[in-house]
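*Asks:* I need the structure of the sequence given here:
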Amino acid sequence: MLKIILSEMHYSLVVTKWGWTQRIFFYLMVAGTRSLVTVHQPPVTATALGHDVLMPCFLNISDDERMVTLPVLYWMYSTQDNTDKPRMWSPSEKHEGRFELLDKNRNTSNKSMVLKNVQWADSGKYLCKLSINTERNKSFRRKGNETSLKVYDTMIFNLTAHNDSLLWCKVNVTPDPGFVLSIFHNGCKPQSADSAPGDAGAALPYVTLSQTVPLRSEGEYECQLHLNGDLITKSVFHYRPPVAEVDGDAEKNCSLTFPTTASEPAVVVFPEPWLLYMALLLVPIIILLSLVTALLMYRC
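*Replies:* Numbering: from 1, shown residues only. Sure thing, here's the model as predicted:
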């Protein structure tokens, strides 16, 4: 009898402990869900030199979380060496007039910023940070994962100055191994005559990517700039050789990268129908002669 009572007490104790464990786990899970406040930023964005760029930042708050006051936004900027971290919003004197909130309504969850007239010195990491005050968690701060801004200049894609049989593509970009410059011809990548991975002077804030390919056959040449596999910008050059005959071996050193378009069907040339032209000319002459003959016979 004593064993049965002890066994029942042990079972009751185990059930009670497991019940409390479930309750604590459920409370922590629900509390974590209820207090979900996050700030989202893309890891990388790229823009052309002198253009405006959008720096995205979005505040996500769970439906049952109540804001006591409106969040205070801080945009921070850090250079490559992290020696300077000025505050972008409200803007510092150095960047006065170049930053603008995309949505000026403070109640919105869109905290994105527009950076105007981007320069080389603007390359770096931008951090979106918010000071938040809620009923549940009181006052705290949330920040994103930083957005790295990359800048590129206008692409030059034309014949070389010293040799009109070579096609040259060049572009200046922010120093980053993710930038790749490539030239394609009719959907394939020809063998490069010369290529530069990216050289920069000691005082320059950019590197120069360049590539040169020979012009061996007519068609469309396209220079593409990629960043981490994504197409950033491109330029097209249409080439038609002065000689009618095109070298049939021009595409032997070409590696296909994507399917090319089908070739145009051959055009059949027919001889000129000179007999038909003469017959068409004789018809009005015969009619005219017939009218003249009839008129003469009528007078006689």
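
*Asks:* Residue 145: neighbouring residues, count only.
*Replies:* The local packing of residue 145 (other Cβ atoms under 10 Å) involves 12 other residues. C-beta here means a position set from N, CA and C on the backbone, and glycine is covered the same way.

*Asks:* from memory it sits against residue 44, does it?
*Replies:* No - between residue 145 and residue 44 there is no contact under Cβ atoms under 8 Å: 10.9 Å.

*Asks:* got any ranges where the stretch 101-250 of the chain has weak pLDDT?
*Replies:* The stretch 101-250 of the chain contains residues with pLDDT under 70 at 195-202, 243-250.

*Asks:* Now do the strands in it.
*Replies:* Per DSSP state E, counting those that start in this stretch, the stretch 101-250 of the chain carries strands over the ranges 113-115, 124-134, 138-143, 147-152, 156-159, 166-173, 179-185, 188-190, 194-199, 207-214, 219-227, 230-239.

*Asks:* and these as TSV, adding distance to residue 58 and mean neighbour count?
*Replies:* Converted to TSV, the strands of the stretch 101-250 of the chain look like this (distance: least, Cβ to Cβ, whole Å; neighbours: other Cβ atoms under 10 Å):
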stretch	distance to residue 58	mean neighbour count
strand 113-115	12	19
strand 124-134	9	19
strand 138-143	11	12
strand 147-152	12	20
strand 156-159	37	14
strand 166-173	28	22
strand 179-185	27	20
strand 188-190	38	18
strand 194-199	33	13
strand 207-214	32	19
strand 219-227	22	19
strand 230-239	21	14
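
*Asks:* quick one: contacts for the nearest residue to residue 193 once chain neighbours are set aside?
*Replies:* Spatial nearest neighbour of residue 193, chain neighbours left out: residue 212 (4.7 Å); criterion: Cβ to Cβ, 6 or more residues apart in numbering. Contacts for residue 212 (Cβ atoms under 8 Å, 6 or more residues apart in numbering) come out as 160, 166, 167, 168, 169, 192, 193, 194, 195.

*Asks:* And for residue 177, the neighbour number?
*Replies:* Neighbours of residue 177 using other Cβ under 10 Å come to 8.

*Asks:* Hmm, I typed the wrong one, I wanted residue 39.
*Replies:* Neighbour count of residue 39, defined by other Cβ under 10 Å: 22.

*Asks:* Spell out which helix or strand contains it, please.
*Replies:* Element membership of residue 39, judged by DSSP states H and E, is strand 37-40.

*Asks:* Can you name the element that comes right after that strand?
*Replies:* Next helix or strand after strand 37-40 toward the C-terminus (DSSP H and E): strand 44-48.

*Asks:* tell me the SS of residue 284?
*Replies:* Look at residue 284: counting by DSSP: H, G, I helix; E, B strand; the rest coil, its state is helix.

*Asks:* Double-check that residue 294 belongs to a helix.
*Replies:* Yes - under three-state DSSP, residue 294 falls within a helix.

*Asks:* got a list of what residue 58 touches?
*Replies:* By Cβ under 8 Å, 6+ apart, the residues touching residue 58 are 39, 40, 109, 110, 111, 112.

*Asks:* And it, how far from residue 222?
*Replies:* Computed with Cβ to Cβ, to the nearest Å, the distance linking residue 58 and residue 222 is 35 Å.

*Asks:* likewise residue 120?
*Replies:* As judged by Cβ to Cβ, residue 120 and residue 222 stand 26 Å apart.

*Asks:* Now the phi/psi pair for the closest residue to residue 135 other than its chain neighbours, please.
*Replies:* Leaving out its chain neighbours, the residue that sits closest to residue 135 by Cβ to Cβ, 6+ apart is residue 66, at 4.6 Å. Residue 66 adopts backbone torsions of phi -110, psi 130, taken as degrees, to the nearest 10.

*Asks:* Give me the neighbour count for residue 66.
*Replies:* Per other Cβ under 10 Å, the neighbour tally for residue 66 reads 9.

*Asks:* thinking it is in contact with residue 133, fair?
*Replies:* No - using Cβ under 8 Å, residue 66 makes no contact with residue 133, being 10.1 Å away.

*Asks:* could you dump stretch 152-164 to CSV, C-alpha only?
*Replies:* Included here for stretch 152-164 are C-alpha records, laid out as CSV according to Å, rounded to 0.1, in the frame of the first residue of the first chain:
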residue,chain,number,x,y,z
TYR,A,152,30.1,52.6,-60.6
ASP,A,153,30.9,55.1,-63.3
THR,A,154,29.6,55.4,-66.9
MET,A,155,30.7,52.4,-69.0
ILE,A,156,32.9,53.1,-72.1
PHE,A,157,32.4,50.5,-74.9
ASN,A,158,34.0,51.3,-78.3
LEU,A,159,36.8,50.6,-80.7
THR,A,160,40.3,51.2,-79.5
ALA,A,161,42.0,54.4,-80.6
HIS,A,162,45.1,52.6,-82.0
ASN,A,163,43.4,49.6,-83.6
ASP,A,164,39.9,49.5,-85.2
